[in-house]
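>>> sequence first, then the predicted structure:
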Amino acid sequence: MQKVITHVGLDVHAERIVLASLEGTSREPVVRDIPNDPKVIRRTFQRLAASAHELRCCYEAGPCGYEVFRQLEAMGIECEVVAPALIPVKAGDRVKTDRRDATKLARLYRAGELTTITVPTSDQEAVRDLVRAREDVRKDLTAARHRLGKFLIRHGRLFRGGKNWTLRFWDWLRKQEFEREGERLTFEHYVTEVQHLVDRRARLEREIERIAKNEPYAAPVAKLSCLRGISVLAAMALLCEIHDFRRFDTPRKLMAYVGLVPSEYSSGGKEKRGGITKTGSSHARRILVEAAWSYRHRPAFSPRAAQALRDQPPEIVEYARRSQLRLHKRFRQLVGHGKGSQVAVTAVARELCGFVWGIMTA
């Protein structure tokens, strides 16, 4: 006798969860609305599991995180988290409610039309939160520097002694004086905010570098640091965003995952390719693009890279050397054929992604 599988779609919010369950091949779902409370969730799914031969659940990845997934997993109930951007959408469907969303998830899950994501462990998510906190501080620091810089420009204060934010710039900045109280207070506020964010970034970077020296991050960070443009912080960001590189069968799948492949709209015998898709992790994509800028320069190993290569086997050293030669040559070829620097760097970042996959799966 064939087992009847009950598929459950969950529309998870901070306060409520809407469940739509489809038993076997039934067309009409049973919809429930429950509070997002661990006790209520446990009681509800215990009842569903008791009345079903086999229970499978899914919900969209979102701001509520993976707590529901981990609770159901601990109860022995199969649950998967799906990628929201890859859920099929009907062009003419203009009505959206929680009940409709839960029902749509249950139907598509039963049909096998949903793309699931890899859920990080609690430890992996904790380190990823720390790395992303450093990313948030970096963005805040950039905005704070812009505010201070524009304030100085508005009042005719231009630093002509070199680049901004150097020691010489800070010495010049401390000598600035303003006659009006409002201007002086504003200037002090902007300077204090920049200094505060610089200190926060430094503390976070020290903590991330400390974690990078311990298992399970020490060995993969050492490998990734052999590639030009990838520092310890960049390596930690890639590891926290991608986790297991072996889940990608080919480097092209990893390139597509981080959104570095060209978009395409081809129909009727016509092919049209556009910019990169920019899907997946924007954090990992930014790290790869920033690292790709270093391949403008001729192949060479910096003191940091030479130190990282010192403890690696010969095949890793040769792999890192070949990556520099190929990516620098690729950049020069693209620029020589009239491509803009940004376009060339994006193409180099795509190939660098392949080298990252290779060094992590070797």
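Great, that's in hand.
>>> rest of the way, CA atoms for contacts and neighbours
Will do.
>>> quick one: buried residues of the helix or strand of the chain with the lowest mean pLDDT?
Within the chain, judged by mean pLDDT, DSSP states H and E, the helix or strand with the poorest mean is helix 303-310; its value is a mean of 80. Within helix 303-310, the residues scored as buried using 16 or more other CA atoms under 10 Å are 305, 308-309.
>>> with stretch 308-321 instead?
Buried, per 16+ other CA under 10 Å, within stretch 308-321: 308-309, 316-317, 320-321.
>>> turn those into CSV, including distance to residue 241.
Compiled in CSV, those are given as follows (distance: CA to CA, whole Å):
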residue, distance to residue 241
308, 22
309, 24
316, 23
317, 25
320, 22
321, 26
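>>> out of these, the closest to residue 254 would be?
Taking CA to CA as the measure, residue 254 sits nearest to residue 320 out of the buried residues of stretch 308-321, at 19.0 Å.
>>> distance-wise, check the closest one relative to residue 162.
Using CA to CA, to the nearest Å, residue 320 is found at 35 Å from residue 162.
>>> with residue 318 instead?
Computed as CA to CA, the residue 318 to residue 162 distance reads 39 Å.
>>> now residue 240
As for residue 240, its distance to residue 162 is 37 Å (criterion: CA to CA).
>>> now swap in residue 286 and tell me
Residue 286 is 28 Å from residue 162, by CA to CA.
>>> same check on residue 242?
From residue 242 to residue 162 the distance is 39 Å (CA to CA).
>>> and these two? Which one has more around it.
residue 242 (19 against 9; other CA atoms under 10 Å).
>>> spit out the contact partners of that one.
residue 284 (CA atoms under 8 Å, 6 or more residues apart in numbering).
>>> any idea of the pLDDT on it?
pLDDT, residue 242: 92.
>>> do the same with residue 142
pLDDT recorded at residue 142 is 96.
>>> which stretches in the stretch 151-300 of the chain count as helices?
167-174, 181-212, 218-224, 232-242, 251-257, 282-292 (DSSP state H, counting those that start in this stretch).
>>> got it, and the stretch 1-150 of the chain?
Under DSSP H, counting those that start in this stretch, the stretch 1-150 of the chain gives helices at 38-51, 67-74, 98-111, 122-154.
>>> JSON lines please, covering those and showing mean neighbour count and distance to residue 359.
As requested, the helices of the stretch 1-150 of the chain are exported to JSON lines (neighbours: other CA atoms under 10 Å; distance: least, CA to CA, whole Å):
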{"stretch": "helix 38-51", "mean neighbour count": "13", "distance to residue 359": "42"}
{"stretch": "helix 67-74", "mean neighbour count": "16", "distance to residue 359": "31"}
{"stretch": "helix 98-111", "mean neighbour count": "21", "distance to residue 359": "35"}
{"stretch": "helix 122-154", "mean neighbour count": "16", "distance to residue 359": "21"}
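>>> switch those helices over to TSV; also include distance to residue 201.
Listed next are the helices of the stretch 1-150 of the chain as TSV, based on distance: least, CA to CA, whole Å:
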stretch	distance to residue 201
helix 38-51	36
helix 67-74	29
helix 98-111	40
helix 122-154	6
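>>> out of the ones you listed, which comes closest to residue 29?
helix 98-111 (6.8 Å).
>>> and the closest one, what's its mean pLDDT?
The pLDDT scores in helix 98-111 average 94.
>>> alpha carbons of it, in CSV - could you do that?
Taking C-alpha atoms only, helix 98-111 is exported to CSV below (Å, rounded to 0.1, in the frame of the first residue of the first chain):
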residue,chain,number,x,y,z
ASP,A,98,-0.9,34.8,4.1
ARG,A,99,-3.4,32.0,3.4
ARG,A,100,-2.7,32.1,-0.3
ASP,A,101,1.1,32.1,0.3
ALA,A,102,0.9,29.1,2.6
THR,A,103,-1.3,27.2,0.1
LYS,A,104,1.0,28.1,-2.8
LEU,A,105,4.0,26.8,-0.9
ALA,A,106,2.2,23.5,-0.1
ARG,A,107,1.2,23.0,-3.7
LEU,A,108,4.5,23.8,-5.2
TYR,A,109,6.3,21.8,-2.6
ARG,A,110,4.2,18.7,-3.5
ALA,A,111,5.0,19.3,-7.2
